[in-house]
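**Q** sequence and predicted structure below; questions after.
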Amino acid sequence: MRVVCIGGSLRPQSNTLEYLNRCAGILEQEGIETEVISLRGKEIQPCRGCYECVETARCAIQDDDFAEILDKMCAADGIVLGSPVYMSSVVPPMMALLSRATFVAHWNGKFLAGKVGGPITVARRAGHNLAFSQLLLWFFINGITVPGSTYWTVGMAGTGGARDALEDQEGMGHVENFARNLADVLRKIRA
C-alpha cells in the first residue's frame, strides 16, 4: 500500500511539510509506503475549463508538472493533502492541482474514488476551518474515504514567518492519530 502526501507550501522547510513528514513517518511505522511531494518549485497552471479531458482522458495543459503528480495520485492507495492557510484559503497551486485532478478523474471513470485520505491545514492564527473544509470537500466529491482523528488535523505554526511546527505538540498528536486511523482503514479496505 502506498500513500502520497502532497504539500502546497512554496516555502523551503515549511511548517506544512513538517506536519506531512510526521504523517508520513507514522504511516511508514504502520507499514505503509509513502512519498512526500512538495509543490515548491513545481508549476501547476490553473484549470482552463476547456473540457478537453472529456474527449482525451488527459488534461489539455501538458507543459507543466501536473501530469507527473496526477500519475502518482492515481497509483496511490491514499492521498494526504497539506496546505498553509492564506487569507482563510488553501494556497492557489494546491487548488489548481485539485481542480484539474477532479476534472480529469470525473470524466474518466472517477478514478480517485475508493482511495483513503485526508487534509492537514496549517496557519499561525485563523482560517484553518475554511481551508480544511475546502480540502475536505475535495475528498468527498472524489469519493475518497476520510478517516477521523482526535480533532481536526489543523496545525498552529508560523508566527512572524517562523518555522516552528514541531512546537505544536497537540497538532502533531492529532496528525499522528489521523495517520494511524488512515493506516487502519487502508488495511481494512485493501485486505
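**A** Cool, the structure landed.

**Q** secondary structure element holding the residue of the chain positioned farthest from its centre?
**A** Taking CA atoms, centre = their mean, the residue of the chain most remote from its mean C-alpha position is residue 55, at 27.1 Å. Here residue 55 sits within helix 52-56, counting by DSSP states H and E.

**Q** what residues of that helix count as buried?
**A** For helix 52-56, the buried set under the neighbour-count rule, 16 or more other CB atoms under 10 Å, comprises 52-53. C-beta here means a position set from N, CA and C on the backbone, and glycine is covered the same way.

**Q** could you pick out the longest helix of this structure?
**A** Ordering each helix of the chain by length in residues (DSSP state H) puts helix 169-190 first.

**Q** residues contacting the residue most central in space within the chain?
**A** The chain has residue 81 as the residue nearest its centroid, 1.1 Å off, counting by CA atoms, centre = their mean. Contacts for residue 81 (CB atoms under 8 Å, 6 or more residues apart in numbering) come out as 5-6, 8, 94, 98, 117-120, 135, 138.

**Q** in helices only, show me those.
**A** Filtering the contacts of residue 81 for helices - DSSP H - leaves 94, 98, 135, 138.

**Q** the last one is in contact with residue 105, isn't it?
**A** No: the pair formed by residue 138 and residue 105 falls short of the contact definition of CB atoms under 8 Å, at 10.8 Å.

**Q** state the number of residues packed around the closest residue to residue 53 other than its chain neighbours.
**A** The shortest distance from residue 53 to any non-neighbouring residue, by CB to CB, 6 or more residues apart in numbering, is to residue 104 (4.6 Å). Neighbour count of residue 104, defined by other CB atoms under 10 Å: 24.

**Q** residues in contact with residue 104?
**A** So residue 104 contacts 53, 57-59, 70 (CB under 8 Å, 6+ apart).
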